[in-house]
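Novice: Curious how this folds, go ahead:
(chains A and B)
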Amino acid sequence: MKLITRIALRLTLALAPLMTLWAVLFYFTMIEEINDEMDDNLEAYSETIIVRMLNHRELPSLDSGSNNSYSIEPVDSLYAATHDGIVYSDVEVYIPEREEHEPARVLTTIFQDAKGQYYQLRVASPSFERDELGEAILKWLGLIYLILLVTVIVVTLLVLRRSMRPLYELLQWLDRYLPGRKHDPVPNNTNIPEFRRLNEAAEKAVERSEHLFEQQKNFIGNASHELQTPLAVIGNRIEWIVDNTNPTEEQLEQLVGINHSLSHIVKLNKTLLLLTKIDNGQFPEVSDVDVATMVREEASIYGEIYEERNIKCNISGAESLVVPMNRTLAITLIGNLIRNAYIHSPEGGSIDITINFDRLEISNDGTAALDAERVFDRFYRATKREGSTGLGLALVKAIGDYYSLGVEYHFADNRHIFTIIRPKNLN
Amino acid sequence: MRQVRNIFYFYYKIAPDLCPMKILIVEDESSLRELMQRTLQQERYVVETAADFAQAESKIAAYDYDCVLLDIMLPDGNGLKLLEQLKAMRKRENVIIISARDSLEDRIAGLEQGADDYLPKPFHLAELVARIRSVIRRSQGRGDMSLRMGNVRLDPDSSRVFIDEQEVVLLKKEFDILHYFLQRPNHLIDKAVLAEAVWGDHADQADNFHFVYAQVKNLRRKLDLANATIELKAIYGFGYKLVERE
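Specialist: The predicted model follows:
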């Protein structure tokens, strides 16, 4: 869920109970206020009546249009003693004029005339319908809630979108970022301290990861570099023993075994070193390489090497395709793909190579698709083949990346198809 | 005294191989240094060694060598400085730079400062021997660049091979193989190294070396037919060695 959607949803949820609470408070305060006002009126009215009665003046008529009504009853002293003071209450009274019950506010009080007779005075004033008031409040509150919500969300969205722009810029930048590649500096054109800090933190994190990446890269490079000489020394010593002592057949067999394993390590080490050099861009020399001729040469070399497997290799397309490239890298790229095709072709199979201006396609027979996601990964092997370094296609990919070439694999009609694609905007 | 010198000069002229060549190895890695020394001694060179810059400096100042094998990455200094000193002393030693830094700039820097060759580490000792021979032969400036062994003569310029001065026709790959072995006589050559040298950069990554066996077989047959006194001896599991027949 997007941040903005989430904020809007949370605001909606948080506003609902708040508005409810507010409605309840409003309702009770309002009733309190109205009752207070009415009570004042009733009190004044009752005082008028009591004063007139005690002065034996004419009492107000009941249908004076004021909607107020009253009744005076004589009560005994005992009742008076227990019902002292002024009591307010809400009752339903029957209004004969309207012939219906209406809610009314009633004041009850006791007074004494000059003869010592107690009277109870009840003054009633028509009141409001609480249910109706509640309903009205609810209706209006609902409306206000909706209006408030829409306003709040719209405003929030606008404000967020504006003030969150640095965040989205940073996110877009992070999406583009690839470790070990050239990248633009982290955008930091904002005055908001939080975002400035976030951007600075991102910048630092990227620097750290770049540093680690570099270290790791260098480590692999240095390790294989350091291994080179001791490995060569071992090889030379083995050769010396074979050459200068007269080993028995058994000893020789062991020596052959050691040499075999050693050459595998040397091969692996060489390839790792080459990968590191490619990643570090240590092949700056560029010359015009005729890819088409190179493909034919490599194909004929591997054709000779794998002669006994009777693999047919058909090359079609351009006779000449000159590309500015590093010669070593071009040979490595093409050689590895062609060798790969030869190695993985069944006996008597066929290899098709098509050379076009913008793509080079090499395909060979196969039985099942390889994992296209991982086929270019280092040390990925579909089959455990003796002598395989598992780095050949990783090398192809690294060279492809170095020259921004597309390197693709797919499987169709029982054929493995590797394609090198030259992007149009590149020469 | 003069006579002695004349005799020496005479021998040097007619049979330079009889006059032992002096070689200085400047290499800080003891294991490699010892291996190089032993191999070169077997080749009948007189070998001196220096483990660091200071030792190398004093030896260069005190003695003359025919060839200096120079590791430019020394613990106490840059080997390229030694090159400058040699030049300053107007010495005419052949220098082969040996370095793990096989980048192009190092190579150019070394050759520009007067080195005769550049051999990136790691290398096969047979390769080292071949480079030393080639450098010394070049500096002696003998007009005939032919490689000879037994009754076989290979002329690299015209790409022709003669056995008892009779031309033997070899195919391109066969010629390349023989050329490679003649530069490294009496050395065991690994089949993968041979494959890389003759077939190109990536042939050493091949899974099997039938293609090498096939070509070597053809070459052997042609050498036999022409009664060559040298042979390519197979060392099972490793490769081949070019030796003179007993």
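Novice: going forward, measure contacts and count neighbours with C-alpha atoms only.
Specialist: Noted.
Novice: Now residue 152. Its backbone dihedrals?
Specialist: Defaulting to chain A. Main-chain dihedrals, residue A:152, degrees, to the nearest 10: phi -60, psi -40.
Novice: I was thinking of chain B, sorry if that wasn't clear
Specialist: phi -100, psi 140.
Novice: and what of the one 10 residues further on?
Specialist: Note on residue B:162: backbone dihedrals following degrees, to the nearest 10 are phi -120, psi 140.
Novice: Could you break chain A into its assigned domains?
Specialist: With domains defined by automatic domain parsing, chain A comprises A:3-151, A:194-279, A:287-421.
Novice: Need the winner for burial among those.
Specialist: Stretch with highest mean neighbour count among the domains of chain A: domain A:287-421 (a mean of 18; mean count of other CA atoms under 10 Å in any protein chain shown).
Novice: centroid residue for chain B?
Specialist: residue B:130 (1.5 Å; CA atoms, centre = their mean).
Novice: And it, which helix or strand is it part of?
Specialist: Using DSSP states H and E, residue B:130 sits within helix B:125-140.
Novice: Just the buried positions in that helix, please.
Specialist: B:125-132, B:134-136 (16 or more other CA atoms under 10 Å in any protein chain shown).
Novice: what about stretch A:265-282, near chain B?
Specialist: Yes. Stretch A:265-282 reaches chain B (CA under 8 Å from any CA of the partner chain) through residue A:267.
Novice: Just the CA atoms of the helix holding residue B:130, as PDB, please.
Specialist: Output of helix B:125-140 as PDB, limited to C-alpha atoms (Å, rounded to 0.1, in the frame of the first residue of the first chain):
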ATOM      1  CA  LEU B 125      60.700 -22.600 -17.200                       C
ATOM      2  CA  ALA B 126      60.900 -23.900 -20.800                       C
ATOM      3  CA  GLU B 127      59.500 -20.600 -21.900                       C
ATOM      4  CA  LEU B 128      62.100 -18.700 -19.800                       C
ATOM      5  CA  VAL B 129      64.900 -20.700 -21.400                       C
ATOM      6  CA  ALA B 130      63.500 -20.100 -24.900                       C
ATOM      7  CA  ARG B 131      63.400 -16.300 -24.200                       C
ATOM      8  CA  ILE B 132      67.000 -16.200 -22.900                       C
ATOM      9  CA  ARG B 133      68.200 -18.000 -26.000                       C
ATOM     10  CA  SER B 134      66.300 -15.800 -28.300                       C
ATOM     11  CA  VAL B 135      67.600 -12.600 -26.500                       C
ATOM     12  CA  ILE B 136      71.200 -13.700 -26.500                       C
ATOM     13  CA  ARG B 137      71.000 -14.800 -30.100                       C
ATOM     14  CA  ARG B 138      69.600 -11.500 -31.200                       C
ATOM     15  CA  SER B 139      72.300  -9.600 -29.300                       C
ATOM     16  CA  GLN B 140      75.000 -11.600 -30.900                       C
END
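Novice: which residues are in contact with it?
Specialist: Residues from elsewhere that reach helix B:125-140 (CA atoms under 8 Å, 6 or more residues apart in numbering or on different chains): A:236, B:36, B:39-40, B:66-67, B:94, B:96, B:116-117, B:119, B:145, B:183-184, B:187-189.
Novice: Narrow those to those that are buried.
Specialist: Using 16+ other CA under 10 Å, the buried ones in the contacts of helix B:125-140 are A:236, B:36, B:39-40, B:66-67, B:94, B:96, B:116-117, B:119, B:183-184, B:187-189.
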